[in-house]
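1. Take a look and give me a structure for this.
(4 chains, ligands or ions: 4)
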4 protein chains.
Amino acid sequence: MAKLKWGMIGGGEGSQIGPAHRLGALADGRFEFVAGALDHRPDVGREYAQRLGLAADRAYGDWQEMLAGEKDRSDRINLVTVATPNSTHFEITKAFLEAGFNVLCEKPMTMTVEEGEEIQKIAAKSDAICAVNYCYSAYPMVRQARDMVRLGEIGKVRLVVTNFSHGHHGDATDADNPRVRWRYDPAMAGVSGQFADCGIHALHMASFIVGDEVETLSADFASTIPSRELEDDAMVNFRMSGGTVGRLWTSSVAIGRQHGFEIQIFGETGGLRWASEQPNQLIYTPVGGRTQIIEKGEGGLHPDAQRLSRVAIAHPEGFPLAVANIYCDLADAIAGETRDGLPTAEAGLRSMAAVHAAVRSAKENGAWVDARPPMFR
Amino acid sequence: MAKLKWGMIGGGEGSQIGPAHRLGALADGRFEFVAGALDHRPDVGREYAQRLGLAADRAYGDWQEMLAGEKDRSDRINLVTVATPNSTHFEITKAFLEAGFNVLCEKPMTMTVEEGEEIQKIAAKSDAICAVNYCYSAYPMVRQARDMVRLGEIGKVRLVVTNFSHGHHGDATDADNPRVRWRYDPAMAGVSGQFADCGIHALHMASFIVGDEVETLSADFASTIPSRELEDDAMVNFRMSGGTVGRLWTSSVAIGRQHGFEIQIFGETGGLRWASEQPNQLIYTPVGGRTQIIEKGEGGLHPDAQRLSRVAIAHPEGFPLAVANIYCDLADAIAGETRDGLPTAEAGLRSMAAVHAAVRSAKENGAWVDARPPMFR
Amino acid sequence: MAKLKWGMIGGGEGSQIGPAHRLGALADGRFEFVAGALDHRPDVGREYAQRLGLAADRAYGDWQEMLAGEKDRSDRINLVTVATPNSTHFEITKAFLEAGFNVLCEKPMTMTVEEGEEIQKIAAKSDAICAVNYCYSAYPMVRQARDMVRLGEIGKVRLVVTNFSHGHHGDATDADNPRVRWRYDPAMAGVSGQFADCGIHALHMASFIVGDEVETLSADFASTIPSRELEDDAMVNFRMSGGTVGRLWTSSVAIGRQHGFEIQIFGETGGLRWASEQPNQLIYTPVGGRTQIIEKGEGGLHPDAQRLSRVAIAHPEGFPLAVANIYCDLADAIAGETRDGLPTAEAGLRSMAAVHAAVRSAKENGAWVDARPPMFR
Amino acid sequence: MAKLKWGMIGGGEGSQIGPAHRLGALADGRFEFVAGALDHRPDVGREYAQRLGLAADRAYGDWQEMLAGEKDRSDRINLVTVATPNSTHFEITKAFLEAGFNVLCEKPMTMTVEEGEEIQKIAAKSDAICAVNYCYSAYPMVRQARDMVRLGEIGKVRLVVTNFSHGHHGDATDADNPRVRWRYDPAMAGVSGQFADCGIHALHMASFIVGDEVETLSADFASTIPSRELEDDAMVNFRMSGGTVGRLWTSSVAIGRQHGFEIQIFGETGGLRWASEQPNQLIYTPVGGRTQIIEKGEGGLHPDAQRLSRVAIAHPEGFPLAVANIYCDLADAIAGETRDGLPTAEAGLRSMAAVHAAVRSAKENGAWVDARPPMFR
Ligand SMILES: NC(=O)c1ccc[n+]([C@@H]2O[C@H](COP(=O)([O-])OP(=O)(O)OC[C@H]3O[C@@H](n4cnc5c(N)ncnc54)[C@H](O)[C@@H]3O)[C@@H](O)[C@H]2O)c1
Ligand SMILES: NC(=O)c1ccc[n+]([C@@H]2O[C@H](COP(=O)([O-])OP(=O)(O)OC[C@H]3O[C@@H](n4cnc5c(N)ncnc54)[C@H](O)[C@@H]3O)[C@@H](O)[C@H]2O)c1
Ligand SMILES: NC(=O)c1ccc[n+]([C@@H]2O[C@H](COP(=O)([O-])OP(=O)(O)OC[C@H]3O[C@@H](n4cnc5c(N)ncnc54)[C@H](O)[C@@H]3O)[C@@H](O)[C@H]2O)c1
Ligand SMILES: NC(=O)c1ccc[n+]([C@@H]2O[C@H](COP(=O)([O-])OP(=O)(O)OC[C@H]3O[C@@H](n4cnc5c(N)ncnc54)[C@H](O)[C@@H]3O)[C@@H](O)[C@H]2O)c1
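-> Residues are numbered from 1 along each chain as shown, chains lettered A, B, ... in the order given. Ligands and ions are numbered 1, 2, ... in the order given. Purely as a prediction, here's the structure:
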């Protein structure tokens, strides 16, 4: 099994998500890291890339240079990860896709719905894979939840309740710190702050597990730190294509919560609960029965969960391995094996459309609006 | 210290809340149980009352008989508890209050806002105490939270997030069971199902801890079991007088949750978290600091929490003792000592007004409405 | 149902265990508190008793006066609770038992094995009940565990692992504080410190749930604060009559643990886990199956657990209600209904014999010794 | 930074620990997997190695072939991992060490104390690194605990209490399954079953965190499934060089526990608690203060914990990353940077000596014995 060749844009030294991609891509030995444009400062990026072991000629200064350099190589990269700030995702993803590269784009895939539709159209026509890094969906117990729902083990889903809330932007005295400030500034962050940053994962996961799409929604946004233009706290109620009721809370001022991403799914014959801070357990209650703990790696899991359980039961697996699972699915997909758990451009587009819909609803005092991208109405 | 004389209406054999009142009223030895009209079937009520040790002449057949019997006795009861179904609270409470009895009324205090205002007016003019059994507010760690907020220990409160959700009405095959059915039938339950039943506790507690009133709200109701006319799941966003943002979720179809009543309060300099299934701990995180566990009964609690901690640290205290704390506060109040933690008719009125407001908002697709009773606008 | 008359010795104002007894005895309204000798200072005891509502002539100065005063009354007490310091339990219990009173004695029942055997002999010959306050055994979920074991639901028990450890005596700078000091001084505490104080509960519970007796044991004691003569930390390995292996750890220097009393029972076909800080849940795992949470008050509990669940599922019940359950069982037993869950003088004797055996073993470097009282060998 | 060359012996397809080594060695991109003798069946091992991407000439049939093949290559491996069954560790480790290779040996390092001393002597004289895979010690929060103890943040350690218990061998009907059976057969497993397999990790960690050695111990072993010759449950009390009291329980019949490895460290001024199923939190209680939660990745951790926190706070990191941390430390050590957290041959020897001492003590009814290897007495 020869290794696939992998390149990365963004994720430079000191970046938040860069290490998780490298750990995730390399852990299984299926990708070899061969090319990168890692930093917005060309020299810094080149130097860091070489320190990470890239050859000098593939330690690029920027993504255009990288695209040009890789395009015509016989040993060109099989996959490029886009882990730059949000506003650059669209143009980079588009350019690489159009050149026939497989792309793993960080969330949010684009800034606007129009851009999202454009990526979706390119991806639909292309042989190249366009995946979006909704990596929480690759935890084995999330895949287990999804398959339990699919197989009817909790009956028709009535209700999904999810939240992704933390308190890391709760310090008003730190609100002007540039590393925090830009996130609530529309000039840099776009139409939404906390919801586009974290809530979007919860929104995606609701669809991922339930298997239906968010159709309409009503939102309440708040900037609890008054100097912020964009929301640092949001509540979104929604309805899904199959009739499921949804409730999603996201906050960055929930002091005391770390990365509190949780989801509860309530069906006609059972309930499920999963939390990202305890990702190796899935809590299941059959209606009228006792609550049970389903463990990653236990016997009798559904196949996707079994496949993605890497080490023995009760040896915890964490975030970097969830990212690694995305890369495994990508390696399989590149090898021609369909991996329907892999989040696609369509998922990226749908969640971005929902973000925009929520912004609109919040402005209109919670009016119910269509959450779907125009092309899917 | 002579014991106070206590009577009870409702709470007959097999009732849900009756035992908690008896355990709570008797535990501290400050009340003596002397009179009751315990059942809607006069004979059954009389018989049960005597089995519980009441004298035959004070084991009444109905509340009218009890009012007549007690009114002119020299040793008449010092307190009556109203633990009958919701639709009777108003007339019973009114009648006893007007006769000068101290009343502890179960929630919801009334069915309509108008009735609530009437009780409030009577109570305001009377020397008699009218309390409402928002008993969760009497857990020591809830009182600790309230005093921490009051004393500025988490700064100005930005956000309160609470839920009271269970799954005990999640079985559709049981939905026609009369014990469940009436709760979602407007003829019997009034304007609201789950929100008036459980959500109301969460709504009260938000005000209780934050110290401000709910002013406006927007609601999304769902009947996830289609045969239900009233909601079995609700989400309410609100704003409080001091500007605090509120989010409240309540459900009776959340299979796997038992009595999951939780509240999180996020202020400028800290966050708090309390859950009724672990009532003896209060989770506190100062901004930028580590999460700490505050234990009931530990040294240095605020006075109200200290006073209501009955047994040594880490010996758990549960729901019956929270109810007992309400009775302690009542005994003190009857003795003339002000207990500002005791939930009053005003609290009963305000929460009922909010229920009606939520019903209206839900009907109007989540329109923001005034949540205050007219008399307090 | 006329109330039973109840008296108390010890448990004066400010005592640790007094409030739990009063809450427990009164909560169910089956006992009336009518007599007491509550304090080692006669005047203080008399005054406090009257403040608690006792008649002046039954607010006694000491237990001898109380025995004399009650003995010949026609309305004499039906039950006396002995909640004085350990060294007085024997003579008080003996005197009241011999006068035909039912007694609830605090643990440890006596200081020596000889005294224990004497109480056991008196109790065996008498019609009076002699119970010992191993109150943790009265939590509904402990009764559930016991009945599950009895009914073979986890198969033959192989192993029981328990600990009762806290850190409240872990501060060396506080070790000379008289309220702490006496506990580690043989002149006042007897042969054992922490093991006789807390470990004894764990020892009792192992037998209570498994249904077999401790036969032999080997102990390792430590005085981790060197100024202490008696142990503040102990580990005891034991074997039970049915062959079950036992392991018991108890400590008072486990800083960070509150009243960490836990027990795990492992049988051939399943395991159970219960912890006193979460007393309303029993964790059960069938061999080869998933861990389940059994909730107090859920449908289908075994009868004893069902009977002692007082309020609805998921409304927590705590330590005072466990004590109340002991009083319920006593009220039933006094009324002639056998309550085999009630801990008896035999249990008090057996656990005291095991304490003495552990002390001997620890002195002999962990030699295995017979843990049974001579009369039961 | 050129990659180091890495080889592996054992860890073939379907092995338990193989995947964790590969994930761990590759995740950080510091090692390149170039050589292996992965299976006890030469052909199977060669084939699998090639499937994992090794060149045909470095996909060896057995370790002797591998040693011969690598010894004289200019690009020979910089590190070899020994992940074969226990009885082969000694000869393989010895052979590679003597040939000057750096070795990471799985635990237990050897079967006998004599072998352990021999490895220790070879390692002491050699420039090559000999590390033992006590990988739990590489979790960031374990390193944090160690540094807190070192820096006196909990004062002199009085007591360490640890257990490593699971229930995966609790099914008697499965006891003759060969995959389980050999573990309790002295012919294959050596002198000890569960203690040498899991208890040894707990033993190592006690020393690792406390910073002292186990000097004497007393053990109680049980074969709770009677057909087993070796113990499936053990309790070991010990004393450390600095006077610390130790208590260690390990079991494989604790049905309901998964990989319940926990450690509590109690010092004069504070207590710590860490559990492998929640490895990203360290629970800390200062004496007289409140319990706090220390999170992996939070600001202000001690340097080693900070360095080994890979992704942002509250993104969980699990077992494979703990193994990766061992490989990081090895890569650094190979590069000449001292990593004193890396478990050495001395640690491997000391823990093996303690296992043998425990076996002896258990046979002698818990007699206290010297736990140190002769060469360190
Ligand atoms: N999937 C997840 O769970 C998750 C978590 C965190 C961040 N993210 C996403 O990852 C992306 C990056 O976030 P982050 O927190 O790591 O940001 P960051 O600011 O910490 O790092 C961004 C990195 O990109 C580099 N960069 C910026 N512009 C570039 C350009 N034009 N070309 C090449 N490199 C460039 C920067 O130099 C830096 O190294 C964002 O889109 C974010 O939403 C996703
Ligand atoms: N505070 C809380 O946490 C809490 C919890 C549960 C119930 N409640 C409230 O307590 C009240 C009772 O609820 P429940 O669940 O115990 O109901 P229930 O149906 O279980 O019991 C009601 C009892 O009242 C008696 N009753 C009915 N009509 C009567 C009348 N006219 N006169 C005298 N007795 C009459 C019935 O015979 C029965 O014994 C409700 O208002 C409910 O909202 C409060
Ligand atoms: N079952 C349990 O879980 C539990 C818990 C705590 C204490 N206890 C037991 O309860 C007993 C009391 O413990 P405590 O912690 O409450 O002690 P404490 O020192 O707090 O209180 C003892 C009380 O007894 C009174 N007293 C002492 N000598 C007396 C005498 N001769 N006559 C009358 N009153 C006398 C004292 O004045 C004081 O009020 C002990 O035996 C203890 O082991 C049991
Ligand atoms: N550090 C830890 O936490 C941890 C966890 C599990 C296992 N282990 C240790 O790892 C070692 C392996 O355990 P496992 O559970 O993976 O065993 P396993 O039986 O699952 O796998 C052993 C592997 O080694 C191969 N093998 C056997 N003999 C060989 C030889 N002579 N040459 C080459 N390959 C050979 C087998 O073919 C198999 O692939 C043991 O020493 C065990 O104690 C450590």
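2. For A:G256, identify the helix or strand it belongs to.
-> Using DSSP states H and E, A:G256 maps to neither a helix nor a strand.
3. Would you mind measuring from the residue of chain A most remote from its centre to B:I255?
-> Here chain A reaches farthest from its C-alpha mean at A:G288, the gap being 34.6 Å by C-alpha atoms, centre = their mean. Counting by C-beta to C-beta, to the nearest Å, the separation of A:G288 from B:I255 is 9 Å. C-betas here are computed from N, CA, C, even on glycine.
4. next one: A:A83
-> Distance, A:A83 to B:I255, by C-beta to C-beta: 39 Å.
5. coming back round to it: is it true that the residue farthest from the centre of chain A touches B:H169?
-> No. If you go by C-beta atoms under 8 Å, A:G288 and B:H169 don't touch, sitting 11.7 Å apart.
6. any idea how far A:I209 lies from ligand 1?
-> A:I209 is 17 Å from ligand 1, where distance means C-beta to the nearest ligand atom, to the nearest Å.
7. element containing the residue in the stretch 101-250 of chain A positioned nearest to chain C?
-> At 12.4 Å from chain C, A:Q144 is the closest residue in the stretch 101-250 of chain A, using C-beta to the nearest C-beta. A:Q144 is part of helix A:140-150, with elements assigned from DSSP H and E.
8. hmm, back to that, looking at A:A83 and B:I255, which has the bigger crowd around it?
-> Using other C-beta atoms under 10 Å in any protein chain shown, the more surrounded residue of A:A83 and B:I255 is B:I255, with 32 against 24.
9. That one bridge partners, please.
-> Beta-bridge partners for B:I255, by DSSP bridges, are B:R257.
10. how about it, what does it touch?
-> Residues in contact with B:I255 (C-beta atoms under 8 Å, 6 or more residues apart in numbering or on different chains) are A:I154, A:F266, A:G267, A:G270, A:G271, A:T285, A:P286, A:V287, B:G167, B:G170.
11. what's the fifth one sitting at in phi/psi?
-> Spelled out, it's A:G271. When read as degrees, to the nearest 10, the backbone of A:G271 gives phi -130, psi 150.
12. Spit out the contact partners of it.
-> Counted by C-beta under 8 Å, 6+ apart, A:G271 has contacts A:I154, A:Q264, A:I265, A:Y284, A:T285, A:V287, B:G167, B:G170, B:A254, B:I255, B:G256, B:R257.
13. any idea which helix or strand comes after the top helix by length along chain A?
-> When chain A is scanned for its longest helix (criterion: DSSP state H), the result is helix A:345-363. Note on helix A:345-363: by DSSP H and E, the next helix or strand toward the C-terminus is strand A:369-370.
14. which parts of stretch A:284-294 are buried?
-> By neighbour count on 16 or more other C-beta atoms under 10 Å in any protein chain shown, the buried set for stretch A:284-294 is A:Y284, A:T285, A:P286, A:V287, A:G288, A:R290, A:T291, A:Q292, A:I293, A:I294.
15. For the longest helix of chain A, the averaged confidence score.
-> Mean per-residue pLDDT for helix A:345-363: 98.
16. Buried residues in that helix, which are they?
-> By 16+ other C-beta under 10 Å, the buried positions in helix A:345-363 come out as A:345-362.
17. Then stretch A:192-211?
-> A:192-210.
18. Over to stretch A:14-25?
-> Within stretch A:14-25, the residues that count as buried by 16+ other C-beta under 10 Å are A:S15, A:I17, A:G18, A:P19, A:A20, A:H21, A:R22, A:L23, A:G24, A:A25.
19. repeat for stretch A:207-224
-> Neighbour-count burial for stretch A:207-224 flags A:207-210, A:212-224 (criterion: 16+ other C-beta under 10 Å).
20. Now intersect the residues you listed with the strands, please.
-> Taking DSSP state E, the ones among the buried residues of stretch A:207-224 that sit in strands are A:V214, A:E215, A:T216, A:L217, A:S218, A:A219, A:D220, A:F221, A:A222.
21. Tell me if I'm right that A:W182 and A:G193 touch.
-> No. Using C-beta under 8 Å, A:W182 makes no contact with A:G193, being 9.8 Å away.
22. re the thing from before, and the ones in strands among the buried residues of stretch A:207-224, which two are the farthest apart?
-> Using C-beta to C-beta, the pair of those lying farthest apart is A:E215 and A:A222, separated by 24.5 Å.
23. Who are the contact partners of A:A35?
-> The neighbourhood of A:A35, defined by C-beta under 8 Å, 6+ apart, consists of A:5-8, A:54, A:58-60, A:66, A:69-70, A:77, A:80.
24. got it, and A:V142?
-> Contact analysis of A:V142 by C-beta under 8 Å, 6+ apart lists A:Y136, A:M205, A:F208, A:I209, A:W274, A:P279.
25. what residues does the stretch 151-300 of chain A put near ligand 4?
-> Within the stretch 151-300 of chain A, no position is near ligand 4 by C-beta under 6 Å from any ligand atom.
26. Okay, strands next: where are they in the stretch 151-300 of chain A?
-> Using DSSP state E, counting those that start in this stretch, the strands of the stretch 151-300 of chain A run over A:157-165, A:214-222, A:233-240, A:245-251, A:260-267, A:270-275, A:281-286, A:291-295.
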